[in-house]
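[1] Below: sequence and its predicted model.
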Amino acid sequence: MTTCLWTSMVPAFGILTPILSITVSGVRSSFRWADYATLGVYLVATLGIGLYFSGREKTTRDFFLGGERVPWWAAGLSIFATQLSAITFMSIPAKAFDADWTYIIIHVTIVLVAPVAVFFYLPFFRRLKLTTAYQYLEKRFNAAVCVLGAIAYCLMQLARMGIVLFLPSLALSTVTDLNIYASILVMGVVCTVYTTFGGIEGVIWTDVVQAVVLLGGALLCVAIIALNVEGGFTGIIDIGIHNNKFNIVNFSWTWTSTSFWVVFVGNFFSNLAPYCADQTVIQRYLTTPTERQAARAIWTNAVMTIPAGLIFFFLGTALFAFYATRPQNLDPNLGSDAILPWFIVHELPSGLAGLVVAAIFAATMSTFDSILNSMATVLVTDLYQRLKPGSADSLRLLLAQIITVILGIFGIGCSLVMAIYPIKSMWDLFIVLLGLLGSGLVGIFTLGIFTRRANSFGAITGFVCSTVVLFSIRQYTQIHFFLYPAIGIVTCFSVGYLGSLFAKQSKWCSSDLTIYEFFKKK
């Protein structure tokens, strides 16, 4: 029996998110024919949806923005599915199983961030008729800041995409006979195909299906557990209360642990990132017909976050109750990170296990396909089109599809390399360093939108200082990583503003693209 422990930090755009520490056990369960059939049906369905939309992708506007014809509820579900990776799908129940509900405050902060995004950031992206978020940085500052934002975004996604495929495949391979290489290849290839042909519409509509499968899989597990624990839901709650599993608030004032203020403040700032500076999410509310519908998409995701969080945390508590009454069913060498896959393959009936594994695949694919399409959008719009402004739209469309394929191969290749070679510690350091860039990027957007005097020199200076400060804090202090985004954003904003005041420029940048002047033009 071999144990391979890896605790990593994945930049979920601008933040450092703790992910699974995978404990490999020698006890595995065979996937049955009905499970393979269920999983196969799901994969064929997602592939079919992507190929269905291939006939509509005739221009870059179609490929990048879906012709702005996506309904708000579909865009909202897509944001939800994109933000909920397979790592999150497995790690939230694992956290509740192993500890308590302290992290559920994170979901509350998403709801609080929604009005900030809707009223202060969204109007700039919609009314300026942008394709990428970073085009705003060019209009507000200059081309250098736009390119900086685009490159920083792409670097973070390149670091993230291999992990997105690798960790769920590793978790499944620890407790089933699913081959890790086959899982990586199947998810990666299917995603790459339907994203290449279906564009953002294919991605969004497969995300809709994936969101349903995700929540359905979690609810199915909760229902099965309730039927097998004495007292049902009441029994699960009683066991949870007796073992302090429903604790939500840690009233400690230390900044080195998950005290209430650390979780709340840190995640409020970290959740600004996807809605205010991340092309992966912003691109979705550029696909709706109107700004009002884009706002509804943001609210849809926010509203779904609370019940989804309750479902996933309750699932973790339910798993604890289930195995507390059946300790003989649990491998003592199994890490809590693999508790959900273990339950799926050892306790669920044939066929249903395949459905919930499909939910893990769905969570993985909804994140991976979003990275592919959004990175292709940024690379073509912010970089290639800048170098070749007179290029034909048909050529840019073809290039976007080629880039999507190349990125898909790159992501699959990175995942396979991590599965084959023991380079995990090096990769861990790499993604942590890149994760430090995200907070500065949020700071630049905030600086541009909320201050008149900010200029390109200040924006770049603030970005660099933010990264240096965060790196120093990580290396030399014990401050909890939840606070990194808050520190990074505030540092970028403060230094950027002061740097702008002292910059030797004859005039400020486009101050009419701030909240003070911009909303007067509505």
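    Structure's in. What do you need? Numbering: from 1, shown residues only.

[2] Look at residue 158 and report its pLDDT.
    In this model, residue 158 is scored at 86, pLDDT.

[3] One more: residue 25?
    47.

[4] correct me, but residue 306 touches residue 106?
    No - using CB atoms under 8 Å, residue 306 is not in contact with residue 106, being 11.0 Å away. Heads up, the C-betas are built off the backbone N, CA and C, glycines and all.

[5] More neighbours: these two, which one.
    Between residue 306 and residue 106, counting by other CB atoms under 10 Å, residue 106 is the more crowded of the two (20 against 14).

[6] what residues are up against the more buried one?
    263, 267, 271, 309 (CB atoms under 8 Å, 6 or more residues apart in numbering).

[7] Angles on the backbone of residue 85, please.
    With angles defined as degrees, to the nearest 10, residue 85 sits at phi -80, psi 170.

[8] Could you double-check that it lies in contact with residue 165?
    No - between residue 85 and residue 165 there is no contact under CB under 8 Å: 10.3 Å.

[9] hey, what's in contact with both of these two?
    residue 364.

[10] Give me the mean pLDDT for stretch 199-218.
    89.

[11] Over to stretch 127-141?
    92.

[12] Stretch 169-189 too?
    The pLDDT scores in stretch 169-189 average 83.

[13] Can you give me the buried ones in that stretch?
    Across stretch 169-189, burial judged by 16 or more other CB atoms under 10 Å covers 169-176, 178, 180, 183-188.

[14] And stretch 214-223, by the same measure?
    214-215, 217-218, 220-222.

[15] Residue 70 - that's part of a strand, no?
    No - secondary structure of residue 70 (DSSP: H, G, I helix; E, B strand; the rest coil): coil, not part of a strand.

[16] got the contact list for it?
    Going by CB under 8 Å, 6+ apart, residue 70 touches 200-201, 204, 284, 287-288.

[17] could you check the distance from residue 301 over to residue 364?
    19 Å (CB to CB, to the nearest Å).

[18] excluding its backbone neighbours, what's nearest the most centrally placed residue in the chain?
    For the chain, residue 83 is the residue whose C-alpha lies nearest the centre (CA atoms, centre = their mean; 3.7 Å). Among residues not flanking residue 83 along the chain, residue 274 sits closest, at 6.2 Å (CB to CB, 6 or more residues apart in numbering).

[19] go on, residue 465?
    Leaving out its chain neighbours, the residue that sits closest to residue 465 by CB to CB, 6+ apart is residue 495, at 4.4 Å.

[20] State the number of residues packed around that neighbour.
    23.

[21] buried set for the helix or strand containing it?
    For residue 495, the enclosing helix or strand under DSSP states H and E is helix 484-502. Using 16+ other CB under 10 Å as the burial criterion, the residues of helix 484-502 that qualify are 484-493, 495-497, 499-500.

[22] Mind checking what helix or strand follows the helix or strand encompassing residue 197 in sequence?
    Assessed by DSSP H and E, residue 197 sits inside helix 180-228. Sequence-wise, the next helix or strand downstream of helix 180-228 (DSSP H and E) is helix 232-242.

[23] Which strands or helices does that next one pack on?
    In this structure, helix 232-242 makes packing contacts with helix 180-228, helix 291-324, judged by 3 or more CB pairs under 8 Å, 6 or more residues apart in numbering; DSSP states H and E.
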